[in-house]
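Engineer: what follows is a protein structure lacking sequence information:
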Ligand code: AMP
């Protein structure tokens, strides 16, 4: 199927053949894995892949294995036609759009699990989520055969899981992290923002505001994570958000820090907040300029 200039491929074997052909011509292939309902955050990742590679594949697959039984798999926004129109404007070479049966045929039984990174943050409430993410991304890597894969830093724990999997399994793929793309008022773009009522949408700006404020509190001299977590939590709750977590952690291991600036030269401020039934995540990497720099 062709949508404009974009080839839409539904079969893994077809995608593998296309990518194999590109490689035989010496072309570098970039992949941007997505669940569709594309917004500017996704499109900036595609532009980055375009900049770094000769051919760009976007995968669109709402992966059932990364959703829990009470999560929003069935109502997750889907809009293939709209997505293809947006991608045609940028210039994408192929969209891989499999159905669940193509990805998980009967008899499928292989799991991909990391032992430590998922035991933090979102992994504590979204059980099996990161096993589902690692499983589908490893499959997408084997199907699309990218040299480069671009992921957003908005899903910080996710990109760490992928980076770790790539290192642990010696995958010959370069992972590119793309900065968080935000609405003009600071809210991180997300396909789930469409679930928010007008009031919730307005209130949700507190998330980024609190991350920015937290960095300021650190720079003003507050180096106790517990104090930051308490103050940030209060600020978010006062605006009507229900804080699932707000952590100050090491950006590599995701372990909680005991003191800011003592253990690493960067700290990650990271949070998950609910407005009604909608769960939003966001984060901010802070450089600890006062910390001793490695020689
Ligand atoms: P999703 O479709 O939500 O699974 O996201 C697909 C990719 O887009 C992931 O690598 C996300 O981290 C990335 N992404 C989603 N929203 C943003 C954003 N606001 N800024 C940067 N990257 C994003």
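Structural biologist: Alright, I've got the coordinates. Fair warning: this is a prediction, and the values are worked out from it, not measured in the lab. Numbering: from 1, shown residues only.

Engineer: might you report the residue contacts of the closest residue to the ligand within the chain?
Structural biologist: Here the residue of the chain nearest the ligand is residue 152; by CB to the nearest ligand atom that distance is 2.0 Å. In this view, the C-beta of every residue, glycine as well, is placed from N, C-alpha and C. The contact partners of residue 152, by CB atoms under 8 Å, 6 or more residues apart in numbering, come to 41-42, 45, 159, 177-178, 180-181.

Engineer: residue 40 too?
Structural biologist: Contacts of residue 40 (CB under 8 Å, 6+ apart): 181, 189.

Engineer: and the helices in the stretch 151-295 of the chain?
Structural biologist: Along the stretch 151-295 of the chain, counting by DSSP state H, counting those that start in this stretch, helices occupy 156-168, 198-203, 205-219, 225-238.

Engineer: so is the third one next to the ligand?
Structural biologist: Okay, so that is helix 205-219. No. Taking CB under 6 Å from any ligand atom as the criterion, helix 205-219 and the ligand are apart, separated by no less than 10.8 Å.

Engineer: average pLDDT across that helix?
Structural biologist: Averaging pLDDT along helix 205-219 gives 97.

Engineer: now stretch 5-21
Structural biologist: 96.

Engineer: that stretch: which residues count as buried?
Structural biologist: 6-7, 9, 12, 15, 18-19 (16 or more other CB atoms under 10 Å).

Engineer: take those and keep only those in strands.
Structural biologist: 6-7, 9 (DSSP state E).

Engineer: and those near the ligand, which?
Structural biologist: Within these, nothing lies near the ligand by CB under 6 Å from any ligand atom.

Engineer: now for residue 177: which residues touch it?
Structural biologist: Residues in contact with residue 177, defined by CB under 8 Å, 6+ apart, are 151-153, 159.

Engineer: report the contact partners of the one residue sitting closest to the centre of the chain.
Structural biologist: By CA atoms, centre = their mean, the mean C-alpha position of the chain lies nearest to residue 155, the distance being 3.2 Å. Contacts for residue 155 (CB under 8 Å, 6+ apart) come out as residue 281.

Engineer: and the helix or strand containing residue 142 with helix 156-168, angle?
Structural biologist: According to DSSP states H and E, residue 142 maps onto helix 129-144. Computed by axes from the mean of the first three to the mean of the last three CA atoms, to 10 degrees, the angle separating helix 129-144 from helix 156-168 equals 60 degrees.

Engineer: which residue packs closest to residue 259, ignoring adjacent ones?
Structural biologist: Nearest residue to residue 259, sequence neighbours excluded (CB to CB, 6 or more residues apart in numbering): residue 223, at 5.7 Å.

Engineer: count the neighbours of the one you found for me.
Structural biologist: Using other CB atoms under 10 Å, residue 223 has 18 neighbouring residues.

Engineer: near the ligand, which residues of this structure show up?
Structural biologist: Counting by CB under 6 Å from any ligand atom, the chain sits next to the ligand at 34-35, 41-42, 45, 151-152, 154-155, 178, 180-181, 188-191.

Engineer: farthest pair in the residues you listed?
Structural biologist: 35 and 180 (17.0 Å; CB to CB).

Engineer: just for the chain, where's the confidence low?
Structural biologist: 1-4, 290-295 (pLDDT under 70).

Engineer: tell me the domain ranges of it?
Structural biologist: 2-178, 191-287 (automatic domain parsing).
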